[in-house]
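Asks: Quick one, what's the 3D model for this:
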Amino acid sequence: MKLSATIEANTVNSPSYYMKSLLLKNKTILHIARLFSLNNIMAKQKMTTLFQPILDVQSNGTFAFEALNRPFHTNLFKSPDVFYEFVGKTKRVFLFECLCRNLSLLRYHERLHQTFPNEQFTLFLNIHPNILLDKNYHSGETLALLKSLNIEPEQVVFELTERSAVTDFEEFSRVLSHYRSQGFRIAVDDVGSGYNSLKTLIYLKPEFIKLDRSLIQNINEHPTQQQLLMVILNYAIQSGTKVIAEGIETKEEYEFIQSAGVHYAQGYALGRPAEKLAHAKSPLIH
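Replies: Purely as a prediction, here's the structure:
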């Protein structure tokens, strides 16, 4: 027997080769099972839609709600993050995003009239930037749905969620101009996390900047975080952009961002995500 054939035979029969083959097989089975589960979730709309309030820091009134869609519990996905990571690797991204958008709008309209029939708020919708660039995304469908629900485009903010998705800034800026002409507004998420550069803010010129939790956490104790906040806040003021501090979990964090002049705030200390709409509450008011 040739030496190469002997080595190949030994390799195939080795425990490490067996384990690698078994692992690959298990990964394939898991992928197929997850894909089947995703198709079932989409077909039967097995999604829970939660709404987290956003507080106007200066007036202490509820300014907006962010819609958050979560799949029904399944052992195939340990967390919503794992689920969304999987969706992003499939060819179902576009259809799934459309489903979430429609569920968010329909359920928001239903719960708004159940809870606050005489009030109007802004609604933040999480949208993958690539969806807005997709030629299959017909903006007319969104406008038609909004019209049927008596929601104005000016009340809807597209919150761009993927931290490194935007690459062609000039093309994306052109696309955003199209949506803005229809009345929609834009928010950039995760600012201050290290992923979004100033180039993102300069090119996209969002109406809202959402500060990442990593920047806000214990900001009252860390001068470096405070300095970065002031840089972003000064830029926002000069460019006519509003700043939203995400992840507020303590009274001290809220006191600091309020004194700094941040426009809006969101976090567990102000209101947790819930199926029923509920006003945000300042942790300074008892």
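Asks: Okay, now the sheet partners of the host helix or strand of F65, with direction.
Replies: Assigned by DSSP states H and E, F65 belongs to strand 62-71. The strands beside strand 62-71 in its sheet (DSSP bridges) come out as strand 47-56 (antiparallel), strand 122-127 (parallel).
Asks: On the C-terminal side of the last one, identify the next helix or strand.
Replies: What that stands for is strand 122-127. Sequence-wise, the next helix or strand downstream of strand 122-127 (DSSP H and E) is helix 129-133.
Asks: from the middle of its chain, how far away would that following helix be?
Replies: Taking Cα atoms, centre = their mean, to the nearest Å, one finds the center of helix 129-133 at 13 Å from the center of the full chain.
Asks: swap in stretch 150-163?
Replies: 11 Å.
Asks: will you turn the strands paired with strand 62-71 into TSV that also has mean neighbour count, distance to N102 and mean pLDDT?
Replies: Placement of C-beta: from N, CA and C, glycine included. Converted to TSV, these look like this (neighbours: other Cβ atoms under 10 Å; distance: least, Cβ to Cβ, whole Å; pLDDT from 0 to 100):
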stretch	mean neighbour count	distance to N102	mean pLDDT
strand 47-56	21	10	97
strand 122-127	21	10	95
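Asks: among those strands, which is nearest A260?
Replies: Smallest distance to A260 across the strands paired with strand 62-71 (Cβ to Cβ): 14.9 Å, for strand 47-56.
Asks: Could you grab the helix/strand/coil label for V157?
Replies: strand (DSSP: H, G, I helix; E, B strand; the rest coil).
Asks: So what sits opposite it in the bridge?
Replies: Assigned bridge partners for V157, using DSSP bridges, are F124, R185.
Asks: buried residues in the strand holding F65?
Replies: Residues of strand 62-71 classed as buried by neighbour count (16 or more other Cβ atoms under 10 Å): T62, F63, A64, F65, E66, A67, L68, N69, P71.
Asks: same thing with stretch 179-198?
Replies: Buried residues in stretch 179-198, counting neighbours by 16+ other Cβ under 10 Å, are found at Y179, F184, R185, I186, A187, V188, D189, D190, V191, G192, N196.
Asks: secondary structure class for the fifth one?
Replies: By that I understand A187. strand.
Asks: which ones are touching it?
Replies: By Cβ atoms under 8 Å, 6 or more residues apart in numbering, the contact list for A187 reads F124, V157, F158, E159, L160, P206, E207, F208, I209, K210, I244.
Asks: which regions of the chain sit below the pLDDT cut-off?
Replies: Residues of the chain meeting the criterion pLDDT under 70: 1-25, 136, 138-139, 162-165, 194-197, 286.
Asks: State the phi and psi torsions of Y264.
Replies: Per-residue torsions, Y264: phi -130, psi 160 (degrees, to the nearest 10).
Asks: and it, how far is that from K242?
Replies: Y264 is 6 Å from K242, where distance means Cβ to Cβ, to the nearest Å.
Asks: TSV for the buried residues of strand 62-71, including distance to S259?
Replies: Shown next, in TSV, are the buried residues of strand 62-71 (distance: Cβ to Cβ, whole Å):
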residue	distance to S259
T62	21
F63	19
A64	22
F65	25
E66	24
A67	30
L68	29
N69	34
P71	39
